[in-house]
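Engineer: heads up, no residue letters with this:
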């Protein structure tokens, strides 16, 4: 995205991170932002923690947030998913007691950046991070995993829209078109 922080890109009159927060805040008790650039996100007025493992990628971010979270589990989402659904978030969060990881699966792929991770995951994440093995699903065989299947998600919202992220100019263009349609629906 040309070096621009994706979370701060305006989409339909709101920054992507503001859209993310509006969707997830009703589904969780507390919100914590994992960032190494807290000055960029101070306007949110939320607690922030840095990455505990520099260079740990998404796994490191999940680990950092879970380690700093107050509860027994943390619902994690990426900051570049502008069309998250409160109902889908509630569904995933509501199943937190079922397993160490509660994760949606769409088109056979886990949506690891829209999942609940319990504290039992921490030692497995630590080992993976220490070994430089950053694939999130790499520790799933060591913990209990509950899958929220696509059909269940689709009853609430279109999974291809909910889990869409903005990583390229083309994806941003698609998101802008969706946001424009969304704006017409709400007027």
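Structural biologist: Yes, it's here. These numbers were taken from a predicted model, which means no experiment stands behind them.

Engineer: make it CA atoms for all contacts and neighbour counts henceforth
Structural biologist: OK.

Engineer: By mean pLDDT, point me to the weakest helix or strand of this protein.
Structural biologist: None of the helices or strands of the chain scores lower by mean pLDDT, DSSP states H and E than helix 169-185, at a mean of 82.

Engineer: Please compute how far that one lies from its chain's middle.
Structural biologist: Computed by CA atoms, centre = their mean, to the nearest Å, the chain-centroid distance of helix 169-185 equals 20 Å.

Engineer: How about stretch 10-28, which residues are buried there?
Structural biologist: Residues 11, 12, 15, 16, 17, 18, 19, 20, 21, 23, 24, 27 are the ones in stretch 10-28 that count as buried (16 or more other CA atoms under 10 Å).

Engineer: actually stretch 29-48, not the one I wrote
Structural biologist: Of all the residues in stretch 29-48, those buried under the rule 16+ other CA under 10 Å are 31, 32, 33, 34, 35, 41, 48.

Engineer: Distance check, the last one against residue 68.
Structural biologist: As judged by CA to CA, to the nearest Å, residue 48 and residue 68 stand 9 Å apart.

Engineer: is the residue positioned nearest the centre of the chain in a bridge, and if so with what?
Structural biologist: When the chain is reduced to its mean C-alpha position, the closest residue under CA atoms, centre = their mean turns out to be residue 77, at 1.0 Å. Counting by DSSP bridges, residue 77 is bridged to residue 114.
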